[in-house]
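A.B. asks: Here you go, sequence then predicted model.
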Amino acid sequence: MDFSLSEEHIMIRDAARDFARTELLPGVIERDNAQKFPTEQVKKMGELGFLGMMVDPKYGGGGMDTISYAIVVEELSKVDASCSVIVSVNNSLVCYGLETYGTEDQKQKYLTKLATGQSIGAFCLSEPEAGSDATSQKTTAIDKGDHYILNGTKNWITNGGTADFYLVIAQTDKEKKHKGINAFIVEKGWEGFEIGPKEDKLGIRGSDTHSLIFNDVKVPKENRIGEDGFGFKFAMKTLAGGRIGIAAQALGIAGGAYDLAREYSKVRKAFGTEICNHQAIAFKLADMHTSIEAARHLVMKAAWDKDQGNDYTMSGAMAKLYASQVAMDVSVEAVQVHGGNGFVKEYHVERMMRDAKITQIYEGTSEIQKIVISRGLLKD
Ligand code: CAA
């Protein structure tokens, strides 16, 4: 068993780390305060190939493995989790979904732009009454022969206002329950497609989260993904990989908060010495680092499973469940190590604590991950 990163993985990690420090760190507090979408930063991430990392080079992607992708998401998240969720959704939900299940025409028309960062994508499953209970889709797509008519509302959509292309899940036949669900590619600007107000969020405030409203939107039949009735499985299979991305994001938030706490503890003095010399602080650092290492093993194992062609549904869910808890715990402890300064924006850790929370909610809450894991455990 070899736990070391390859030379290529180290190069990718260093490139992402350097990019995060030089391009994401400046302005991260201001973007968080103003809920400002990182337009310039996303453009540069597209140029670096971070937006279509795993896509086949023939469609403009980087042709990299999932481990590389997880490393990049982790490094970006150490500094700016708003940027990393844009990367995560575009790579593992939108690009992966299209590359794996789309037609050649769909790939040529949409994937080539998404993989190169010319366009941004969004994944639209959640609804006001269908978050965890994803089969209860109220959005409908009625078959009209050569097109569908789409009606309904989607909620909490990452990249909601900034995306160019949207993968929208909708009910096409209520009687068939989850087998009557389909996924469609919808373009921004189509008649009847309205972008709702931007959400004012606790964390990842730089990312762009909206509700979307579809009023009799005409969707050509060639924009359906997969066979009729494949939409729910499409969502589940795509989310299984998306969860590896969010697990890597959680790992990065924890790592970023830990790094800051460690550095701070080496310079801040109390009771006549640097606070890292007090066991109360040193033990916190030990616990933080140990849990981060454990989370890293789960995240890398899930990424490795995907690269090996193994089933990664359970390992991805376990990685997300555990890493998101670690992100929460470590970021809270990082604030504690900083004392009063931890409560102040300029020290970054309060933002990381706010950002950590969403990793326990999106792409399936922690409770959903436990459903996925326990069903996997008990299936035979
Ligand atoms: N892979 C393939 N197929 C799967 C699957 C998977 N991982 N999970 C379920 N399925 C299939 C099942 O086999 C079943 O198919 P058959 O009838 O042919 O056997 C079908 O899907 C229905 O499965 P279940 O009966 O298990 O469905 P369920 O209603 O009990 O729900 C669930 C399962 C795991 C709870 C699911 O609803 C779920 O994952 N919910 C959470 C949704 C979610 O993660 N939302 C996040 C929104 S996206 C987001 O957050 C993006 C963002 O912006 C960052």
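C.D. replies: Nice, I can see it. Numbers count the residues shown, from 1 in each chain.
A.B. asks: switch to C-alpha atoms for all contacts and neighbour counts from now on
C.D. replies: OK.
A.B. asks: Sketch out the strands for the stretch 101-250 of the chain, chain order is fine.
C.D. replies: Under the criterion DSSP state E, counting those that start in this stretch, the stretch 101-250 of the chain carries strands at the ranges 121-124, 140-143, 147-158, 165-171, 181-187, 193-198, 209-220, 224-225.
A.B. asks: Pick the most buried one from the ones you listed.
C.D. replies: Of all the strands of the stretch 101-250 of the chain, strand 121-124 carries the top mean neighbour count, a mean of 27, counting by mean count of other C-alpha atoms under 10 Å.
A.B. asks: Return the list of helices and strands in contact with that one.
C.D. replies: Under the contact criterion of 3 or more C-alpha pairs under 8 Å, 6 or more residues apart in numbering; DSSP states H and E, the helices and strands touching strand 121-124 comprise strand 147-158, strand 165-171.
A.B. asks: so where's this protein shaky on pLDDT?
C.D. replies: Under the criterion of pLDDT under 70, none of the chain is flagged as low confidence.
A.B. asks: Write out the residues of it neighbouring the ligand.
C.D. replies: Taking C-alpha under 6 Å from any ligand atom as the measure of proximity, the chain contacts the ligand at 89, 123, 125-126, 131-135, 157-158, 233, 236-237, 240, 313, 362-364, 368, 372.
A.B. asks: Which among those residues count as buried?
C.D. replies: Among those, those classed as buried by 16 or more other C-alpha atoms under 10 Å are 89, 123, 125-126, 131-132, 134-135, 157-158, 233, 237, 240, 313, 362-364, 368, 372.
A.B. asks: wait, what's in contact with the residue lying closest to residue 59 once chain neighbours are set aside?
C.D. replies: Nearest-residue entry for residue 59: residue 112, 4.8 Å, with adjacent residues in sequence omitted and distances by C-alpha to C-alpha, 6 or more residues apart in numbering. When the contact criterion is C-alpha atoms under 8 Å, 6 or more residues apart in numbering, the partners of residue 112 are 59-61.
A.B. asks: mind redoing it with 10 Å?
C.D. replies: Applying C-alpha atoms under 10 Å, 6 or more residues apart in numbering, we find residue 112 in contact with 52, 55-61, 95, 99, 106, 118-119.
A.B. asks: picking that back up, would you list the strands of the stretch 101-250 of the chain in TSV and tack on distance to residue 34?
C.D. replies: Shown next, in TSV, are these (distance: least, C-alpha to C-alpha, whole Å):
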stretch	distance to residue 34
strand 121-124	22
strand 140-143	35
strand 147-158	17
strand 165-171	25
strand 181-187	27
strand 193-198	12
strand 209-220	14
strand 224-225	37
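A.B. asks: Could you pull out the helices in the stretch 151-300 of the chain for me?
C.D. replies: Here the stretch 151-300 of the chain has its helices, by DSSP state H, counting those that start in this stretch, at 231-267, 279-308.
A.B. asks: Show me what the shortest one packs onto, helices and strands only.
C.D. replies: Secondary-structure packing of helix 279-308 (3 or more C-alpha pairs under 10 Å, 6 or more residues apart in numbering; DSSP states H and E): helix 66-77, helix 231-267, helix 313-338.
A.B. asks: Give me the angle between that helix and helix 231-267.
C.D. replies: Using axes from the mean of the first three to the mean of the last three C-alpha atoms, to 10 degrees, the inter-axis angle of helix 279-308 relative to helix 231-267 is 150 degrees.
A.B. asks: tell me the angle helix 279-308 makes with helix 66-77.
C.D. replies: Taking the same axes, to 10 degrees, helix 279-308 and helix 66-77 form an angle of 140 degrees between their directions.
A.B. asks: The longest one now?
C.D. replies: Taking the same axes, to 10 degrees, one finds that helix 231-267 is oriented at 50 degrees with respect to helix 66-77.
A.B. asks: Filter the contacts of residue 112 down to just the buried residues.
C.D. replies: 52, 55, 59-61, 95, 99, 106, 119.
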